[in-house]
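Undergrad: coords please:
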Amino acid sequence: MSKETLGFQAEVKQLLQLMIHSLYSNKEIFLRELISNASDACDKLRFEAIHHGDLYEGDGDLNIKLAFDKEARTITLSDNGIGMSRDEVIANIGTIARSGTKEFFSKLTGDAQKDSHLIGQFGVGFYSAFIVADKVTLTTRRAGAPADQAVRWESGGEGDFTLEEVSKASRGTEIVLHLKEGEDEFLDDWRLRGIIRKYSDHISLPILMAKQPTYDNDGNVVPAEGLEPVNQANALWTRNKSDITDEQYKEFYKHVAHDFDEPLAWSHARIEGRQEYTELLFIPKRAPFDLYERDRRNGIKLYVKRVFIMEDAEKLMPQYLRFVRGVIDSADLPLNVSREILQASREVETIKSGCVKKVLGVLEDLAENKPEDYAVFWEQFGKVLKEGTGEDFANKERIAKLLRFASTLADTEAQTVTLADYIGRMKEGQDKIYYITGDTFAAAQHSPHLEIFRKKGIEVLLLADRVDEWLVSSLTEFDGKQLQSVAKGELDLSAFEDEAEKQQQEAAAAELADVIEKFKTTLGDKVKDVRVTHRLTDSPACLVVDNFDMSANLERLLKQAGQDVKATRPILEVNPEHALVKKLKAQLDGERFEDWTHLLYDQAVLAEGAQLEDPAGFVKRLNGLMAQM
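TA: Numbering: from 1, shown residues only. The predicted structure is shown next:
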């Protein structure tokens with residue numbers, strides 16, 4: 001193949017500029033990213049070689065080598081891992097061939113410091129080489145391919161790159177960085193060793209550099225031959241916790257999660273008994289941009305007896321904990337374990353159960369002892385954790401205690417109220433946890449259903465996340481208290497009413513009986529029923545549904561998702577004390593009674609955040625009534 005020049009994908013150009021400008025203040029991380037990629041390549045070779053031992057090509061001693069040349073002003077990093085074919089080079093380096101590209105760029109703020117953490121999440125650490133290099137040459141041959149089918153990729157990091165077929169005797173990848181002017185600090189043995197020990201000491205493969213010279217008794221330099229490891233070269237999770245510093249944990253997280261931020265918290269434990277495994281699991285500080293993509297994979301790497309088996313082992317962590325990153329190393333699973341075997345493995349279920357308990361324990365510790373850190377976690381991952389109440393029955397109570405909500409006690413959207421907090425503030429005689437769901441926080445906060453609760457001083461939880469409808473369908477009670485929607489069923493607040501109030505309500509209902517009957521006749525099949533309400537103080541009417549019917553908010557969400565949903569007929573509740581309702585009673589036989597009735601109903605629909613079936617009819621009816629005023 002003759003040398004050909006290809007253009008970068010437009011997103012790659014944008015990414016390169018972002019990479020260079022966002023990370024320039026921390027240039028040394030280019031080496032961490034390249035070493036991390038080299039380590040992954042060796043892990044992938046180990047995995048594929050389980051079934052195809054000939055991929056080792058007689059060389060099973062996996063390692064990473066680093067060298068520099070002061071005269072040529074180059075740094076060379078090489079590994080004997082899996083390598084890449086021509087198509088893989090184009091897919092992995094020339095383009096961003098993954099979903100979520102648009103979402104990734106939409107999350108960029110233009111603030112270099114804030115954007116830098118997104119870069120690692122997108123898995124593009126290779127491009128960090130251009131922070132210090134004005135030209136990068138990559139030569140690679142995939143394990144098992146003939147020597148003359150190696151590929152050389154070269155680019156100046158601007159608009160294009162070149163590809164050509166070359167010969168390479170050994171498998172794996174070699175990257176040569178041609179340094180920019182002013183980057184000579186990286187042409188120093190001590191500087192490079194220091195970066196490796198700082199960022200990559202946890203890498204389980206030896207990172208080799210030329211041996212340092214020694215000195216004889218007269219102080220003369222004695223050149224040394226050969227290579228020596230710079231890092232400890234043993235898997236971090238296999239060490240005793242007492243031997244690992246917080247800084248080492250943080251750097252390992254950045255390696256395994258491809259994140260430039262430090263983790264929020266972590267759990268490291270060795271479990272022995274019927275199942276023997278080690279887990280090292282991290283809670284990130286920020287949500288990945290693709291957290292809600294259906295086809296994204298989880299972030300757990302599976303090892304068996306310290307041999308890498310697979311990444312994104314989704315069966316080792318439930319969906320509601322998909323933000324967790326880390327490694328699980330089993331001593332019992334077979335080396336040839338597949339995703340299909342994981343699916344039906346009791347051993348895997350045991351490991352998964354144990355790891356879930358560890359993660360929930362970390363979150364409980366944050367919530368109790370580091371509330372500020374837990375507030376960060378909740379802002380980033382709270383919506384995902386809410387999924388767990390329906391997904392993980394065994395841990396539903398533990399998850400429920402970790403949930404946070406907004407409520408009518410505050411004027412902001414901040415979710416700081418726990419269910420235990422709510423119960424602790426319940427009024428005497430209150431036996432339910434009241435909540436309301438809405439499309440938005442404002443819609444929930446200003447719902448007419450809250451009027452009587454505000455008057456009585458009863459707290460109501462305001463649920464405005466899309467997942468909240470799923471949450472309340474699975475979490476129906478907490479600590480013996482039933483969760484009750486204020487927009488469902490008949491409202492019973494008799495415990496907070498005196499005898500005079502009850503008599504007044506009964507009298508008002510009796511006086512309005514003829515109006516209610518005419519409402520039912522006028523609205524017909526639009527409603528299941530019409531009745532007097534005492535949940536309203538300012539609004540003339542509202543819509544509710546029966547306790548076991550689908551809420552109006554859930555119905556809208558399902559329709560937006562393209563589901564064929566049978567519409568629930570609501571119940572219209574009318575406030576007998578409202579001036580408009582009293583006016584209608586006085587005009588029971590008036591010619592515009594039906595128009596006023598439909599207007600009242602349409603207003604209630606709008607107050608629910610729903611759309612009118614006939615907006616033009618509503619406007620015409622409203623204009624006609626206004627013209628008569």
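
Undergrad: distance of residue 456 from residue 353?
TA: 44 Å (CB to CB, to the nearest Å). Any C-beta I mention is one placed from the backbone N, CA and C, and that applies to glycine too.

Undergrad: just checking, next helix/strand downstream of the lowest-mean-pLDDT helix or strand in the chain?
TA: When each helix and strand of the chain is scored by mean pLDDT, DSSP states H and E, helix 112-121 comes last, with a mean of 57. For helix 112-121, the following helix or strand on the C-terminal side (DSSP states H and E) is strand 133-141.

Undergrad: which residues of the stretch 351-500 of the chain score low on pLDDT?
TA: Nowhere does the stretch 351-500 of the chain drop to pLDDT under 70.

Undergrad: Break down it into its strands, ranges please.
TA: Assigned strands in the stretch 351-500 of the chain, in chain order: 406-407, 432-437, 461-463, 477-478, 481-485 (criterion: DSSP state E, counting those that start in this stretch).

Undergrad: go on, the stretch 1-150 of the chain?
TA: Under DSSP E, counting those that start in this stretch, the stretch 1-150 of the chain gives strands at 4-7, 64-69, 74-79, 133-141, 150-155.

Undergrad: What residue in this protein is the furthest from its centre?
TA: residue 218 (61.6 Å; CA atoms, centre = their mean).

Undergrad: From residue 460, how far off is residue 286?
TA: The value you get for residue 286 to residue 460, if CB to CB is used, is 31 Å.

Undergrad: neighbour-wise, which of the two wins?
TA: residue 460 (25 against 19; other CB atoms under 10 Å).

Undergrad: Tell me who's in contact with the nearest residue to residue 570 once chain neighbours are set aside.
TA: Distance criterion CB to CB, 6 or more residues apart in numbering; nearest residue to residue 570, sequence neighbours excluded, is residue 543 at 4.1 Å. Contact analysis of residue 543 by CB atoms under 8 Å, 6 or more residues apart in numbering lists 487, 552, 570-573, 604-605, 607-608.

Undergrad: Is residue 543 in a helix, a strand, or coil?
TA: strand (DSSP: H, G, I helix; E, B strand; the rest coil).

Undergrad: Let me see the contact set for the closest residue to residue 354 other than its chain neighbours.
TA: Distances taken as CB to CB, 6+ apart place residue 271 nearest to residue 354, at 5.9 Å, with adjacent residues excluded. Taking CB under 8 Å, 6+ apart, we find residue 271 in contact with 277-279, 354.

Undergrad: what about the helices in the stretch 351-500 of the chain?
TA: Ranges of helices within the stretch 351-500 of the chain are 371-386, 388-391, 396-402, 419-424, 441-445, 451-456, 468-474, 499-511, based on DSSP state H, counting those that start in this stretch.

Undergrad: In CSV: the ones you listed, plus distance to residue 620.
TA: Formatted as CSV, these follow (distance: least, CB to CB, whole Å):
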stretch, distance to residue 620
helix 371-386, 41
helix 388-391, 44
helix 396-402, 49
helix 419-424, 45
helix 441-445, 26
helix 451-456, 30
helix 468-474, 34
helix 499-511, 32
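
Undergrad: out of the ones you listed, which comes closest to residue 338?
TA: Nearest to residue 338 among the helices of the stretch 351-500 of the chain is helix 388-391 (24.1 Å), distances taken as CB to CB.

Undergrad: just checking, what packs against that closest one?
TA: In terms of contacts (3 or more CB pairs under 8 Å, 6 or more residues apart in numbering; DSSP states H and E), helix 388-391 is packed against helix 396-402, helix 468-474.

Undergrad: Tell me which of the strands of the stretch 351-500 of the chain is the most buried.
TA: Of all these, strand 461-463 has the most neighbours on average by mean count of other CB atoms under 10 Å, namely a mean of 25.

Undergrad: Other residues contacting it?
TA: 405-408, 417, 422, 433-438, 441, 444-445, 471-472.

Undergrad: mind checking which of the helices and strands packed on helix 388-391 is nearest residue 507?
TA: That would be helix 468-474 among those, by CB to CB, at 35.2 Å.

Undergrad: Contacts made by the closest one with the rest, please.
TA: 386-387, 389-390, 396, 403, 435, 437, 463, 483, 485, 551, 553-554, 557.

Undergrad: can you check stretch 588-608 too?
TA: The contact list for stretch 588-608 (CB under 8 Å, 6+ apart) reads 447-448, 487, 514-515, 518-519, 522-523, 526-527, 539-543, 552-553, 572, 574, 580-581, 583-584, 587, 611-612, 617-618, 621-622, 624-625, 628.

Undergrad: Can you say which of these are buried?
TA: 447-448, 487, 515, 518-519, 522-523, 527, 539-543, 552-553, 572, 574, 581, 584, 618, 621 (16 or more other CB atoms under 10 Å).
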